[in-house]
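In: sequence and predicted structure below; questions after.
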Amino acid sequence: MFQSFLFLLGGLFGLYAGAEGLVRGSASLASQLGLSRLVIGLTVVALGTSMPELMVSVKATHDGLFGISLGNVVGSNICNIALILGFSALIRPLRIDAQVVRLQIPIMIFVSFVLAVLLLNGRINRFEGSGLFLGVVAYTGYSLHLARKENKKLNGDASGLPMEVPMGRLWVSLIFVAGGLGLLMLGAKFFLEGAVSLARILKVSEAVIGLTIVAFGTSLPELATSMTAAFKKEGDIAVGNVIGSNIFNILFILGISSLVHPIEMGGISIIDMGVMIAIAILVLPMARSG
């Protein structure tokens with residue numbers, strides 16, 4: 001058991017350090033390209049902090065550990081809202097942008113229902129996975145389109161032009177991105193080995209481990225990012241990170257994972273799916289207060 005915990009801790013360190021490097025590099029690149037903080041939170045930071053879930057779920061799917069693969073996404077989506085958004089709001093009340101209430105939260109609720117419908121037959125096949133992946137491409141493209149449109153309104157047509165970025169800063173950002181990805185892959189390998197080993201020692205199902213230990217562990221980058229953003233009064237990044245991550249978790253992570261291999265339910269129940277959808281819906285009336 002001690003070795004399992006060592007693998008878990010080593011994997012967590014790799015996931016956290018990798019996500020930190022990836023988020024820093026990605027956010028720096030995005031800001032150099034003139035994207036708004038909300039869009040950075042909803043796309044670049046959300047994608048960066050979702051990379052641990054991606055690495056773990058893809059590896060788990062490849063190894064046939066479907067309970068961990070799907071449980072990781074469902075558990076992370078619950079954890080992102082109930083724990084991370086809740087804890088961030090305890091640090092400082094979060095201002096909710098009107099665009100998030102009008103568009104992003106409804107999209108998160110919609111994709112949660114889509115996942116539940118896809119799993120009615122007990123699996124996500126490659127065709128359905130490709131549909132999920134196309135969904136994240138459309139979502140990202142639309143978010144960036146809205147950002148450019150908003151920038152043009154605020155700053156005139158000049159904001160639509162590419163910004164001059166010093167090559168030195170650009171290379172530093174790219175090094176952070178590449179180094180972060182490398183650490184993420186290494187961390188995912190160790191973390192998954194530790195989680196599977198622990199499940200066997202404790203004689204609990206892979207689904208339970210996926211919904212709890214793995215989900216919480218891979219959500220640490222979101223927790224760190226949103227808490228830091230809340231302390232710095234960057235509410236748009238804190239909220240955008242959580243909502244964007246939940247959308248990416250379903251569309252991007254399960255889309256890619258099911259292209260690697262069709263995903264079975266693996267012990268994930270309708271109750272787990274119901275809790276994920278209920279918590280997603282619960283955010284909407286709260287966010288309407290602004």
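Out: Nice, I can see it.

In: quick one, phi psi at the closest residue to H62 other than its chain neighbours?
Out: In space, and not counting its chain neighbours, H62 is closest to V260: 5.5 Å by Cβ to Cβ, 6 or more residues apart in numbering. The way it works is simple: take the backbone N, C-alpha and C, and place the C-beta from them, glycine included. Dihedral pair for V260: phi -70, psi -40, per degrees, to the nearest 10.

In: likewise the one 4 residues further on?
Out: Here the main-chain torsion angles of E264 (degrees, to the nearest 10) amount to phi -90, psi 160.

In: also M265?
Out: Phi and psi for M265, reported as degrees, to the nearest 10, are phi -60, psi -40.

In: wait, isn't it in contact with F66?
Out: Yes - using Cβ atoms under 8 Å, M265 makes contact with F66 at a distance of 7.1 Å.

In: residues touching the residue nearest to H62, list them.
Out: Neighbour list for V260: V58, T61, H62 [criterion: Cβ atoms under 8 Å, 6 or more residues apart in numbering].

In: what's the distance between it and E20?
Out: 26 Å (Cβ to Cβ, to the nearest Å).

In: likewise L12?
Out: For L12 relative to E20 (Cβ to Cβ), the value is 12 Å.

In: same question, I253
Out: Counting by Cβ to Cβ, the gap from I253 to E20 is 19 Å.

In: looking at the two, which one has more neighbours?
Out: Of the pair I253 and E20, I253 is the one with more neighbours under other Cβ atoms under 10 Å, namely 30 against 19.

In: just the pLDDT at that one, thanks.
Out: pLDDT for I253: 92.

In: any idea how far A178 lies from L184?
Out: The gap separating A178 from L184 is 11 Å, by Cβ to Cβ.

In: mind listing the strands for this protein?
Out: For the chain, the strands defined by DSSP state E cover 123-124, 263-264.

In: got the phi/psi numbers for S269?
Out: According to degrees, to the nearest 10, the main-chain angles of S269 amount to phi -100, psi 170.

In: if we ignore the residues flanking it in sequence, what's nearest it?
Out: Per Cβ to Cβ, 6+ apart, closest to S269 is A207, 8.0 Å.

In: wait, the one you found touches M273, no?
Out: No - assessed by Cβ under 8 Å, A207 is found out of contact with M273, at 11.9 Å.

In: so these two - more neighbours on which side?
Out: Just comparing A207 and M273: by other Cβ under 10 Å the higher neighbour count belongs to A207, 24 against 19.

In: run through the residues that contact that one.
Out: Per Cβ under 8 Å, 6+ apart, neighbours of A207: G67, I68, L70, G71, G266, G267, I268, S269, D272.

In: which two from the residues you listed end up farthest apart in space?
Out: Using Cβ to Cβ, the contacts of A207 span at most 15.0 Å, a distance reached by I68 and S269.

In: those two: which has the busier surroundings?
Out: Neighbour count, other Cβ under 10 Å: between I68 and S269, I68 has more, with 31 against 12.

In: residues of stretch 73-82 that come out buried?
Out: V73, V74, G75, S76, N77, I78, C79, N80, I81 (16 or more other Cβ atoms under 10 Å).

In: gap between that stretch and the chain center?
Out: 9 Å (Cα atoms, centre = their mean, to the nearest Å).

In: circling back to that earlier point, by neighbours, which of the contacts of V260 wins?
Out: T61 (28 neighbours).

In: what pLDDT does that one get?
Out: Reported pLDDT for T61: 88.

In: how close does it get to N249?
Out: 14 Å.

In: can you check L220 too?
Out: The gap separating L220 from N249 is 14 Å, by Cβ to Cβ.

In: who has more neighbours, the two?
Out: A direct count of neighbours by other Cβ under 10 Å for L220 and N249 places N249 higher, at 32 against 19.

In: pLDDT score assigned to that one?
Out: As summarised for this prediction, N249 has a pLDDT of 90.

In: tell me who's in contact with it.
Out: For N249, the contact set (Cβ under 8 Å, 6+ apart) comprises S50, E53, V73, S76, N77, N80.

In: identify the residue nearest it in space, chain neighbours excluded?
Out: Nearest to N249 is V73, by Cβ to Cβ, 6+ apart, at 4.8 Å.

In: and for S197, the neighbour number?
Out: The burial count for S197: 17, using other Cβ under 10 Å.

In: how close does it sit to Q3?
Out: Going from S197 to Q3 by Cβ to Cβ gives 7 Å.
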